[in-house]
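Enquirer: what would the 3D arrangement of this be:
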Amino acid sequence: MFERLERMPTDPILGLMQAFRADPDAQKVDLGVGVYRNDRGETPVLEAVRKAEQAVLGRQTSKTYVAPAGNAAFNEGMERLTFGEGHPALKANRVRSIQAPGGCGALRVGAELIMRAKPDATVYVSTPTWANHVPLLTGSGMKLEQYPYYDGKTGGVNFSAMMDALDKVPARSIVLLHASCHNPTGADLSEAQWHDVLALVKRRALIPYIDMAYQGLGTGVAEDAFGCRLFAAELPEVVVAVSCSKNFGLYRERTGVLHVITETVPAADAILSQLVRIARTLYSMPPDHGAAIVQEILANDALRGSWADELGGMRNRIATLRRDLVVKLAKACPQRDFSFIERQRGMFSFLGVTKEQVHALRERHHVYMTDDSRMNIAGLKADNIAYFANAVAQVLS
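Expert: Model (predicted):
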């Protein structure tokens, strides 16, 4: 039976990781892997996480299963973090949440739920979008189409093309939107544009599916959730997948949550029963540890304040790296405008060079990024930005 299966190609990101690790050059720069790093090149355990983990382990008396819906206090805490205290959807009891194995698990559970409600569902994703959106969503059987999003000439959103395309999609289609820190481009919608998209979604009767993987790493915790909060307040149905990997640094703990907003309380209760059944058939029970840590942080004022400070430090570091990189690139290659990098948000940007130039950066200068020139800004450090900028200048010349 198994002899008929062919070897799958190596995942591009995983292959890049392996090549970087095998490179003995002391000046090598890793801009490929999508994890936050500090100026020492480490992905740190946050101090708030360390203290919360100690508290959780200190009082834990069992490793028995949690419920299929996960840690109820975590789910409720994440609802308040996502939508804000006193949000009208929360007051109306229209939100139901289920803990999931990371943001990926949340995205897949949401896709399975949509397919139960609408077996012929088509989801429209931005061009480009996070590469893993495609297998996660289509693996449920959902059909996938694209809408224009990124303008490579300006480094911003091609908003008129996006709106024109979405205005033509069939009613009741699913539209996947990035809440903030768009992956892979770093180009985000403004608050005014979110309002315009909301009006279009209402007019065309579309169903928004919002992926929020970077809350707090763009402009701020509340600001990065603006679209989620606006849509949940104004629309009868919204699906939001949230990851705790980046803003809590819980990558390996696989901590995420899916929020579903419905029009009525009975519909919300029915949705939760469906979510529980879907979870039971996919992975049965979610992991506990990461959710327990997040619950502890969100419920403890001191820990929450510490976490907010650390998250702010991460956000400010990325913004500083963006500013410094633009300055260094302007000096190294003044013939090219890279100012868009400073206007973008979050960890990712497209450098805007060709695949051949990406390979030249790797082979001649030991700088690693994906073939489409997506770079993880957080992979830069104060002592290698100038080296990187000079490497880019040499490749462009």
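Enquirer: how many residues are close by V276?
Expert: The number of residues packed near V276 is 16, by other CB atoms under 10 Å. Where C-beta positions appear, they are placed from N, C-alpha and C, glycine not excepted.
Enquirer: now name the helix or strand holding it.
Expert: helix 265-282 (DSSP states H and E).
Enquirer: which elements pack onto that helix?
Expert: The contact analysis (3 or more CB pairs under 8 Å, 6 or more residues apart in numbering; DSSP states H and E) places helix 265-282 against strand 95-101, helix 102-117, strand 255-261.
Enquirer: flag every buried residue along it.
Expert: A267, A268, I271, L272, Q274, L275, V276, I278, A279 (16 or more other CB atoms under 10 Å).
Enquirer: which strands and helices sit next to the helix or strand just after that helix?
Expert: Counting by DSSP H and E, the next helix or strand C-terminal to helix 265-282 is helix 289-299. When contacts are defined as 3+ CB pairs under 8 Å, 6+ apart, helix 289-299 packs onto helix 47-59, helix 72-83, strand 255-261, helix 301-332.
Enquirer: find me the pLDDT at Y368, would you?
Expert: With respect to pLDDT, Y368 scores 97.
Enquirer: thought H182 was touching L176?
Expert: No. Taking contacts as CB atoms under 8 Å, H182 lies outside contact range of L176: 11.3 Å.
Enquirer: tell me the SS of A26?
Expert: coil (DSSP: H, G, I helix; E, B strand; the rest coil).
Enquirer: which residues does it contact?
Expert: Not one residue lies near A26 by CB atoms under 8 Å, 6 or more residues apart in numbering.
Enquirer: quick one: contacts of stretch 102-114?
Expert: 98, 100, 121, 123, 132-133, 136-137, 139-140, 142, 174, 207, 209, 211, 213, 239, 241-245, 254-258, 260, 271, 274-275, 278-279, 282-283, 286.
Enquirer: out of these, which end up buried?
Expert: 98, 100, 121, 123, 133, 136-137, 140, 142, 174, 207, 209, 211, 213, 239, 241-245, 254-258, 260, 271, 274-275, 278-279, 283, 286.
Enquirer: quick check: which element contains N38?
Expert: Counting by DSSP H and E, N38 is part of no helix or strand.
Enquirer: how much space between the closest residue to it other than its chain neighbours and M163?
Expert: Leaving aside its chain neighbours, N38 sits nearest to P44 (5.6 Å; criterion: CB to CB, 6 or more residues apart in numbering). Per CB to CB, to the nearest Å, P44 is found 40 Å from M163.
Enquirer: and what of D371?
Expert: 30 Å.
Enquirer: and T122, by the same measure?
Expert: T122 is 18 Å from M163, by CB to CB.
Enquirer: returning to what we had before: joint contacts of H182 and L176?
Expert: Both H182 and L176 are in contact with S126, where contact means CB under 8 Å, 6+ apart.
Enquirer: more neighbours, these two?
Expert: H182 (27 against 24).
Enquirer: so who does the residue lying closest to that one once chain neighbours are set aside touch?
Expert: In this structure, H182 finds its nearest non-sequential neighbour in D188, 5.6 Å apart by CB to CB, 6+ apart. When contacts are counted by CB under 8 Å, 6+ apart, D188 touches V157, H178, S180, C181, H182, G218, Q344, R345, G346.
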